[in-house]
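[1] Sequence below, structure please.
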Amino acid sequence: QILINRFLFRGYGDISTGRIPMYILMWDGFIKKPILGNGLASTNTLLESLGQTVGHNVYFQSLYEIGLIGTLCLLFFMYKSLKQTIRMIKVQSKISGAYSLVYSLLISLYIQLFVIFYGLTGNPMYDHFQFIIYMIACAIPEIIRKNFKYQHEIVKAL
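    Have a look, this model is predicted:
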């Protein structure tokens, strides 16, 4: 704790910019209702006393609002999307002439990883614009897969 306090509160002030008290409040609220959480948008009410409306951490806020069940569903979706993107990159990189598809998949992977890691200190899931970009990035592998399957069906029909 001495090391953490020295790092966080040294001569620079609070480098967490007030996030630590938010994390503690959300964690304590999660402990009280761990299974289903406290309800969507309940973080606004919880953090009003700190002058904040979002928790600046997707995972703590999800645990607080939608509990273990909802957070596990969110993490499962994130995992499946990453897994499908990586699998599609492996498949498409073996096909000659699919460089633009691999490039699109790599952009999708980058955006997904960025949002997942940014979720530790920010809240991209609760910002409409960032969330839409994340959803588009998650949809790219599925769009490519369906298009690829459709093209193979046309070639078989000819």
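
[2] For the residue nearest the centre of the chain, give me its contacts.
    The geometric centre of the chain, computed from its C-alpha atoms, lies nearest to residue 116 (CA atoms, centre = their mean), at 3.7 Å. When contacts are counted by CB atoms under 8 Å, 6 or more residues apart in numbering, residue 116 is found next to 78, 82. All C-beta spots, glycine's among them, are computed from the backbone N, C-alpha and C.

[3] how about 7 Å then?
    Neighbour list for residue 116: residue 78 [criterion: CB atoms under 7 Å, 6 or more residues apart in numbering].

[4] what's the burial count for residue 19?
    Burial of residue 19 is recorded as 18 neighbouring residues (other CB atoms under 10 Å).

[5] Following the helix or strand bottoming out on mean pLDDT in the chain in sequence, what is the next regular element?
    Of all regular secondary-structure elements in the chain, judged by mean pLDDT, DSSP states H and E, the least confident is helix 2-9 with a mean of 65. Scanning forward in sequence from helix 2-9, with DSSP states H and E defining helices and strands, the next element found is helix 19-32.

[6] Kindly format the C-alpha coordinates of that next one as PDB.
    As requested, the backbone C-alpha atoms of helix 19-32 are provided in PDB (Å, rounded to 0.1, in the frame of the first residue of the first chain):
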ATOM      1  CA  ARG A  19     -11.300   7.200 -10.400                       C
ATOM      2  CA  ILE A  20     -10.300   5.100  -7.400                       C
ATOM      3  CA  PRO A  21     -13.200   6.400  -5.200                       C
ATOM      4  CA  MET A  22     -15.600   5.600  -8.100                       C
ATOM      5  CA  TYR A  23     -14.100   2.100  -8.400                       C
ATOM      6  CA  ILE A  24     -14.500   1.500  -4.700                       C
ATOM      7  CA  LEU A  25     -18.100   2.700  -4.700                       C
ATOM      8  CA  MET A  26     -19.000   0.500  -7.700                       C
ATOM      9  CA  TRP A  27     -17.300  -2.500  -6.200                       C
ATOM     10  CA  ASP A  28     -19.000  -2.100  -2.900                       C
ATOM     11  CA  GLY A  29     -22.400  -1.800  -4.700                       C
ATOM     12  CA  PHE A  30     -21.600  -4.900  -6.700                       C
ATOM     13  CA  ILE A  31     -20.800  -6.900  -3.500                       C
ATOM     14  CA  LYS A  32     -24.300  -6.000  -2.100                       C
END
